[in-house]
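Asker: A predicted structure for the sequence below; I have some questions about it.
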Amino acid sequence: MNVPVEPPAAIAAGIEPPGEDTGAAGTAEGPPTPLSLRAALGRFATGVTIITCRTASGQRVGLTANSFASLSLEPPLVLWSLRRASPSLAAFEAASRFAVNVLAETQVDLSRRFALPQAGAGSADKFDEGHWTEGLGGAPVLAGCAAVFECERVAAHDGGDHRLFIGRVLRLADLAVAPLVFQGGHYHLLGEVL
């Protein structure tokens, strides 16, 4: 069952509408434009995460991202990427630990909330919604997720307009709930294959 839910226009960390569908897949000549590349990449369904860390001053930082993947089972490594222009980049570069909270389909509102820019002084804290606990290194961990990966950052590399973070999984949680899915610029619920 696919129930598309339109994401907000200003998505922060990798979840962006793919642009206008031209219906002409594979017919472009020459190198891809950013818009055509985003449209084609939008055909690939991903999960949705909220990636979190804590700054040296104790501030909780979190953002919505779908740029998450497994890298290695031995050792247990995962990776994700963040736009180098992101206001949260400095916090993740300075943090030695981060958590990847893989959202359940019931957490679409949290995905939207964390896709907005970090709240400023005097505004509502993104972490006011959801049940959060302190994970390893202080990285916030969200209850009710499909999975949580608590990681130690082992490397960070520039890749074009993004920064790639590699983390060693130190602790994980796995809950048997349906994950939230993102594809074609929309959120979807995971359906059964017939």
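Answerer: Sure, I can see it.

Asker: from here on, just use CA atoms for contacts and neighbour counts.
Answerer: OK.

Asker: dump the residue contacts of residue 130.
Answerer: Each residue near residue 130 by CA atoms under 8 Å, 6 or more residues apart in numbering is listed here: 110, 142-143.

Asker: try it again with 7 Å
Answerer: residue 142 (CA atoms under 7 Å, 6 or more residues apart in numbering).

Asker: that one in helix, strand or coil?
Answerer: Following DSSP: H, G, I helix; E, B strand; the rest coil, we place residue 130 in the coil state.

Asker: so what pairs up with the spatially most central residue of the chain in the strands?
Answerer: For the chain, the residue sitting closest to the mean C-alpha position, by CA atoms, centre = their mean, is residue 65 at 1.7 Å. Here residue 65 sits in beta bridges with residue 13, residue 49, going by DSSP bridges.

Asker: surely it is in contact with residue 50?
Answerer: Yes - using CA atoms under 7 Å, residue 65 is in contact with residue 50, at 6.1 Å.

Asker: circling back to that earlier point, from residue 57, how far off is the residue nearest to the centre of the chain?
Answerer: 24 Å (CA to CA, to the nearest Å).

Asker: name the next helix or strand downstream of the one helix or strand residue 99 maps to, please.
Answerer: In the assignment (DSSP states H and E), residue 99 maps to strand 97-102. Proceeding N to C from strand 97-102, the next assigned helix or strand is helix 108-115, under DSSP H and E.

Asker: buried stuff in that following helix?
Answerer: 108, 110-115 (16 or more other CA atoms under 10 Å).

Asker: what does the next helix or strand after that helix contact?
Answerer: The helix or strand immediately downstream of helix 108-115 is strand 132-134, counting by DSSP H and E. Strand 132-134 is contacted from outside by 140-143, using CA under 7 Å, 6+ apart.

Asker: cool, stretch 170-183 as well?
Answerer: 42-48, 103-105, 145-152, 187-190.

Asker: list the buried residues in it.
Answerer: So, applying 16+ other CA under 10 Å, buried residues of stretch 170-183: 179-183.

Asker: could those be laid out in TSV, adding distance to residue 95 and pLDDT?
Answerer: Formatted as TSV, the buried residues of stretch 170-183 follow (distance: CA to CA, whole Å; pLDDT from 0 to 100):
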residue	distance to residue 95	pLDDT
179	27	93
180	27	94
181	28	92
182	27	91
183	30	84
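
Asker: now those residues as TSV including secondary structure and distance to residue 159?
Answerer: Listed next are the buried residues of stretch 170-183 as TSV, based on DSSP: H, G, I helix; E, B strand; the rest coil; distance: CA to CA, whole Å:
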residue	secondary structure	distance to residue 159
179	strand	28
180	strand	27
181	strand	25
182	strand	23
183	strand	23
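
Asker: tell me the one among these nearest to residue 88.
Answerer: Comparing these against residue 88 with CA to CA places residue 182 closest, at 22.0 Å.

Asker: and the closest one, how close does it get to residue 42?
Answerer: 8 Å.

Asker: need the strands for this protein, in chain order.
Answerer: 46-47, 49-54, 60-65, 68-72, 77-83, 97-102, 132-134, 140-142, 147-159, 162-174, 180-183, 186-189 (DSSP state E).
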